[in-house]
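> Below are the sequence and a predicted model for it; my questions follow.
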Amino acid sequence: AGLRPRRLFVFAPPGRPGWQGPRWRADEHERERWCRLLRWYGLHADPGDLRLPPPAVPSPLPGAVVLHPGADAAARRWPAERFAAVARALAREGHRVAVVAGKGEAAVAGRVAEIAGLGPGAVLGGSHDLPFGRLAAVVAHARCVVAGDSGVAHLASALGTPSVLLFGPVAPRLWGPPPDGPHRVLWHPAPSDDPLRPGDAHGRLPDPRLLRITVPEVLTALHTLPPPDPRP
């Protein structure tokens, strides 16, 4: 408001009589929330229309199982040792395994690859962010994706790539993939937990709900994924 825009789309702010906008709902999925805001102001927005077309650029590792051990907060990072155990098991089964990393995630991605005994070239990114088109190509042409609650997980949802997604401090009901997609969501809240945000999404330690997810559980979920759609 301080920038004095010609038009401002907002949820009705508490304590601001006369301000217009829809009511904020804490229990709403992010896709639903922001599309509802736009619809309230007369714009078309469909929360189910989230698919991105596959990128035209080729993937450097087509058919790989893509692991993303990073996240912007430790609370949403499953331990590197567990990612490595998953990678090692998949490699033994004959799968090609790739580890993608954003800027600043080189150490954790390298640790996963080293512990798992992956060959050279298995890590993409880390010292820098992968260009979006290249990252999208890797995800679009992957056999499947394993990731925490991160941007790579959302990209897998948007591209329709099968995925196993690991949730901790925030319920998948708020940030998770579409329920009808080729995805498996793992989440283990306690009975007494808040059903929506039981932990701190920006916490400095791995969330207890995330740590309840085991390596065998992830491998089982991977083995139940459907094959990816054929890509041009």
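Right, received. Where do you want to start?
> Skip ahead from whichever helix or strand Leu174 is part of and say which helix or strand is next.
Secondary structure from DSSP states H and E places Leu174 in helix 172-175. Using DSSP H and E, the helix or strand that follows helix 172-175 in sequence is strand 183-186.
> quick one, helices of the protein?
30-40, 80-92, 106-116, 132-140, 151-159, 172-175, 208-211, 215-223 (DSSP state H).
> Extract the C-alpha trace of the fifth one and format it as PDB.
If I follow you right, that is helix 151-159. Only the C-alpha atoms of helix 151-159 are listed here, as PDB (Å, rounded to 0.1, in the frame of the first residue of the first chain):
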ATOM      1  CA  GLY A 151      10.900 -26.200  -5.200                       C
ATOM      2  CA  VAL A 152      12.100 -29.400  -7.000                       C
ATOM      3  CA  ALA A 153       9.100 -31.300  -5.500                       C
ATOM      4  CA  HIS A 154       6.700 -28.700  -6.800                       C
ATOM      5  CA  LEU A 155       8.400 -28.800 -10.200                       C
ATOM      6  CA  ALA A 156       7.900 -32.600 -10.300                       C
ATOM      7  CA  SER A 157       4.200 -32.000  -9.600                       C
ATOM      8  CA  ALA A 158       4.000 -29.400 -12.400                       C
ATOM      9  CA  LEU A 159       5.700 -31.600 -14.900                       C
END
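> What lies in contact with that helix?
50-52, 54, 66, 68, 100, 102, 135-136, 139-140, 142, 145, 147, 162-163, 165, 177-178, 181, 183 (C-beta atoms under 8 Å, 6 or more residues apart in numbering). To be clear about C-beta, it is placed using only N, CA and C from the backbone, and glycine gets the same treatment.
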